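Q: let's see this in three dimensions:
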Amino acid sequence: MGAGASCNTVDKVDPYPGNDVTNGLKRADSEGCANCTLTVDDSNTVSNVDVLITPDNVKITPVIALLVTFNEQQYKITELNWMYPGPIRVEGTNADAVLRCRSFDGDGLDVFVPLSTTTNSPGTSPTDFFSVLAAELGGKKDLKSVAVGQNWSMAKLIKAEDPYFTWVNADYERYVKFMIPCRERLIGWRPLRGPRTIYMANAVGVPDGDLAILRNLVTRVSPKDVFKTLPYTYFYPPNAPCATCKKPVKALSSAPSPLSTNITNALVTLAIVSIFCLAVLVAIYIANYSGGGVSEAFSKFITSLSSPTILFLVFGLLLVLALVVAGVSGAFKTKT
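A: Numbering: from 1, shown residues only. I've put the predicted structure just below:
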């Protein structure tokens, strides 16, 4: 390579790990979540809630937080928002309304329960979850406290083993997964921090009159105000019949650490550069001292070294090889 010449590194970019929001949620676009667990205890109830009508939703605040557990982490649901219509399609169907159950613990948790009138969901047993609220509110839009009874619980809407989609509701950013200087750079995607989102797959039936009263209190929500992007999604249960679904995996709630990624890339690059430098040094030595041939020069070089030096070189070469193998395998492993 002549003086002043430069090498080119070719970028290879992984496909964006998300789906089109307008297409909605589909099992065929999701991976089965092999060990997702969502628990809503039916004994976890509240007897009073505060209700405030905002321009685009009915804000419901339980006087005592409701509890939801996802993957062994417990979240306190301190706010519920009723809005219409459903902000995203599920298997092509747009629900009449949705209840968003929100926790602000840590990165947060959003549980969306799609709602349909009994007219649009024939055969569905209508829930009385909203009946007291609808009767108390009517045309009133001021903040008020509503006694909902001692058995008011999210378990009326979410049953054990109900199917759902889940993802981290965050935008994705590009990052360098792996780079070979002067050859190629592999660009991946990782989510920025955001709340864990759970969107129930099946709509819950609600009496037509209850939904009509609530709908008259607020304006229609814009879907883009709820979901701007739809990252990579997972589906539970993972083993339900679905010929086109992707293989079951574990749903992660956060991105790989940028610090750990940078350290790995630096170590792999250092390993490759070390091998290159070692090869150059060996070539120079052979070129200058190989009067008797390459094998003789190499033999003289080895016999001139002390035993500790040889052990140190062998250990160093093994370590460098291990780093290279680890870096390459980590760069090309499938996302989980």
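Q: point out where this protein drops to low pLDDT.
A: For the chain, the stretches flagged by pLDDT under 70 are 1-6, 121-124, 139-141, 239-312, 314-317, 319-336.
Q: so which residues of it form helices?
A: 131-137, 208-215, 258-289, 294-303, 307-332 (DSSP state H).
Q: so Pro237 sits right up against Tyr164, yeah?
A: No: in this structure Pro237 lies outside contact range of Tyr164 using Cβ atoms under 8 Å: 9.2 Å. C-beta here means a position set from N, CA and C on the backbone, and glycine is covered the same way.
Q: now for the residue nearest to Glu136 when sequence neighbours are not counted: which residues touch it?
A: Sequence neighbours aside, Val146 is the residue nearest to Glu136 in space, at 4.8 Å (criterion: Cβ to Cβ, 6 or more residues apart in numbering). Going by Cβ atoms under 8 Å, 6 or more residues apart in numbering, Val146 touches 48-51, 132-133, 136-137.
Q: got a PyMOL select line for the buried ones in these?
A: With 16 or more other Cβ atoms under 10 Å as the burial test, the buried ones among the contacts of Val146 are selected in PyMOL as follows:
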select buried, resi 49+51+132+133+136+137
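Q: and this structure, what are its domain boundaries?
A: With domains defined by automatic domain parsing, the chain comprises 10-253, 259-332.
Q: among the ones you listed, which is the most enclosed?
A: domain 10-253 (a mean of 17; mean count of other Cβ atoms under 10 Å).
Q: state the distance from the closest residue to Pro223 other than its chain neighbours to Ser131.
A: Nearest residue to Pro223, sequence neighbours excluded (Cβ to Cβ, 6+ apart): Pro87, at 4.3 Å. As judged by Cβ to Cβ, to the nearest Å, Pro87 and Ser131 stand 24 Å apart.
Q: ok, now Gly18?
A: Taking Cβ to Cβ, one finds Gly18 at 38 Å from Ser131.
Q: what about the strands in the stretch 1-150 of the chain?
A: Applying DSSP state E, counting those that start in this stretch to the stretch 1-150 of the chain gives strands spanning 10-13, 18-19, 31-33, 38-39, 46-53, 58-62, 66-70, 73-77, 79-83, 97-103, 109-117, 144-152.
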